[in-house]
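Student: generate a structure from the sequence data that follows.
(one chain, ligands or ions: 2)
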Amino acid sequence: MQRPHQPDDDLPPASPDDRNGPDDRSGPDDRIELVVLFGGQSAEHDVSCTTAAHVLRAADPARYRITPIGIDREGRWQLAAEAQAALAEGPHALPGRLDPSGAPVDPTAVVHAATTGVAEAGPRPTVVMPLLHGPMGEDGTVQGLLELAGVPYVGSGVLGSSVAMDKAMAKQVLAANGVAQARWRAFREHELTPGLPAQLADELGLPLFVKPANMGSSVGVSKAKTVEQVRDAIHVALAYDEWVVVEEAITGREIEVAVLGNLEPRASVPGEIVPGAEFYDYADKYLDDGSQAIIPATLSPEATEEVRRLAVEIFRALRCEGLARVDFFYEDGPGGRGFLCNEVNTIPGFTPISMYPKLWIATGVSYPELIDELVRLALERHARRRRNTQR
Ligand SMILES: Nc1ncnc2c1ncn2[C@@H]1O[C@H](COP(=O)(O)OP(=O)(O)O)[C@@H](O)[C@H]1O
Ligand SMILES: [Mg+2]
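Tutor: Ligands and ions are numbered 1, 2, ... in the order given. The predicted structure follows:
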């Protein structure tokens, strides 16, 4: 997979030593330990590396001492000395720099080393920021590891992460909460019969969207216009997950809202994606300049209020915490069904040109402030859960 396109190749190089060396203030170093987890085994490995490079540059070195942990494509965790070096070279040096020949490392040991091996300056808060998209990162697995390790981490917990990641499960939970969505069906690999593609086409109408339940960045998503294409698209989706979701194709605008918070989440102004390709596919998201983001989206004040309210309601229904981007289709006009929830991303794209940070910037929260707020929310959630689970 090619490296994600970013227009800001010309960021000044950052020296990792400058970031993490002893800071020049006198007195104890009371910075927060920020452990950034990036890479990972999903198809979104490169996207994650690019995001991490940006976060590492933007986090305030006076507030954070940063330890990057890289996960290579084989799933090996490394306290990323290579990543530190790559960071000095620019935001695109990270992809490909995680050396798969490095010794396999036990994730628990890496988390332990990263979160306790820093004690010379006395105990201080540690926060892990998982910047991992897709399966084995955004889906609750890493969150479970961090729960066991007892460290605060940015974003949703195990339940919210796994429910939001699984498009089939998320749809069921949203349906139970009365949230409007495209008509859909989900099935598991062994339920695929020769007649199923035609049956789905009959029931939902053509064209159809076919997706693996557990993926992101449009990987494995197809638009199928004939029964034959539905059949092929199902096989494509099954390469990524044993659960497949099939949906009616919506003709509508794509509206996205960023949500930030724990108990009292706030919604950003809505943004609109205008896909360059026939739909917002992987190339469109990361490689071409085809798609366009309009922020804030051109919506009536009433529609704006409604979609912001819906985004918070959906965030709560899926038990999200910290952050999530809630994506909608908007069928406006006569006969339209209004806002239909498409999906929720609990670790949305997070480079400075990604929708999530851009929506907050338009709402008045800068990129570095967003990092500060996410860390604060991680510490707040951790303290609250500790209190609530003490015996
Ligand atoms: N039911 C649908 N109707 C119309 N377009 C769709 C539908 N589902 C997905 N798409 C298009 O495909 C893109 C990717 O699908 P999405 O479900 O968001 O997957 P991912 O999790 O990979 O982002 C969407 O942004 C949209 O452009
Ligand atoms: Mg999407």
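Student: only C-alpha atoms for contact and neighbour calcs from this point on.
Tutor: OK.
Student: ok, Tyr64 - how many residues close by?
Tutor: 22 (other CA atoms under 10 Å).
Student: what are the bridge partners for it, then?
Tutor: Beta bridges link Tyr64 to Ile32 when assigned by DSSP bridges.
Student: one more: Glu248?
Tutor: Counting by DSSP bridges, Glu248 is bridged to Leu208.
Student: show me what contacts it?
Tutor: With contact set as CA atoms under 8 Å, 6 or more residues apart in numbering, Glu248 has these partners: Ala182, Arg183, Trp184, Leu204, Gly205, Leu206, Pro207, Leu208, Phe209.
Student: ok, and the closest non-adjacent residue to the third one?
Tutor: By the measure of CA to CA, 6 or more residues apart in numbering, the closest residue to Trp184 outside its immediate chain neighbours is Glu247, 4.2 Å from it.
Student: returning to that earlier point: can you redo the contacts of Glu248 as CSV with neighbour count?
Tutor: Putting these into CSV (neighbours: other CA atoms under 10 Å) gives the following:
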residue, neighbour count
Ala182, 19
Arg183, 15
Trp184, 18
Leu204, 17
Gly205, 16
Leu206, 19
Pro207, 18
Leu208, 24
Phe209, 20
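Student: hmm, back to that, please look at the residue nearest to Trp184 and Ala182 and confirm they touch.
Tutor: Yes. Counting by CA atoms under 8 Å, Ala182 is a contact partner of Glu247 at 6.4 Å.
Student: next one: the residue nearest to Trp184 from Gly364, what distance?
Tutor: Applying CA to CA, to the nearest Å, the value for Glu247 to Gly364 is 36 Å.
Student: out of those two, which sits in the busier spot?
Tutor: Counted by other CA under 10 Å, Glu247 and Gly364 do not tie: Glu247 has more neighbours, with 22 against 12.
Student: coming back round to it: just the contacts of Glu248 now: which is nearest Ala170?
Tutor: Trp184 (11.8 Å; CA to CA).
Student: how about the CA coordinates for the helix or strand where Glu203 lies, as CSV?
Tutor: Following DSSP states H and E, the helix or strand that holds Glu203 is helix 196-204. Extracted in CSV, the C-alpha atoms of helix 196-204 (Å, rounded to 0.1, in the frame of the first residue of the first chain):
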residue,chain,number,x,y,z
LEU,A,196,-27.8,-15.1,-1.1
PRO,A,197,-26.4,-12.4,-3.5
ALA,A,198,-29.6,-12.4,-5.5
GLN,A,199,-31.7,-12.5,-2.4
LEU,A,200,-29.9,-9.5,-1.0
ALA,A,201,-30.3,-7.6,-4.3
ASP,A,202,-34.0,-8.4,-4.2
GLU,A,203,-34.4,-7.3,-0.6
LEU,A,204,-32.3,-4.2,-0.5
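Student: thank you kindly, that will do.
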